[in-house]
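Student: quick one: sequence plus predicted model below, questions after.
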Amino acid sequence: MDPFTIAFLAFMGSLLAFAAWAFRQNLGRGRPEAVWDCLVCRITNEGTLEVCWNCGRPAGEIRPSASHVPLDSRWLCDSCGLWNRVAREACWNCRRGRSKDGHEAG
């Protein structure tokens, strides 16, 4: 084979390798998956799971994770189990008020 053919085949091989790499990147490898919190046991689960890995409850009833909010900036409603910002005096979901110790009243 002449040098031009060898260079052309090397170029096509590298182009094919790049296309395969780009295809794998688009499949979602390396991207963080969504998470959900179980309402029963309050364990954080991976987004790919359809049932809680700890208690087996289906993921149909989920609440968003509040792990990105610092603990001193939120309080947990004991009635419905959802997180609220410190500025709220009542739960955004069930409208129950919180006590002076930072938990839901009543």
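Tutor: Happy to help now that I have it.
Student: residues near Asp2, how many?
Tutor: With neighbours defined by other CB atoms under 10 Å, the count for Asp2 comes to 7. Quick note: C-beta positions are derived from backbone N, CA and C, even for glycine.
Student: who's in contact with it?
Tutor: Not one residue lies near Asp2 by CB atoms under 8 Å, 6 or more residues apart in numbering.
Student: from Val51, how far off is it?
Tutor: Using CB to CB, to the nearest Å, Asp2 is found at 62 Å from Val51.
Student: same check, this time on Gly13
Tutor: 45 Å.
Student: neighbour count: these two, which is higher?
Tutor: Val51 (13 against 10).
Student: got the phi/psi numbers for that one?
Tutor: Main-chain torsions, Val51, degrees, to the nearest 10: phi -130, psi 150.
Student: with the one 3 residues further on instead?
Tutor: As for Asn54, its main-chain torsions (degrees, to the nearest 10) stand at phi -90, psi -50.
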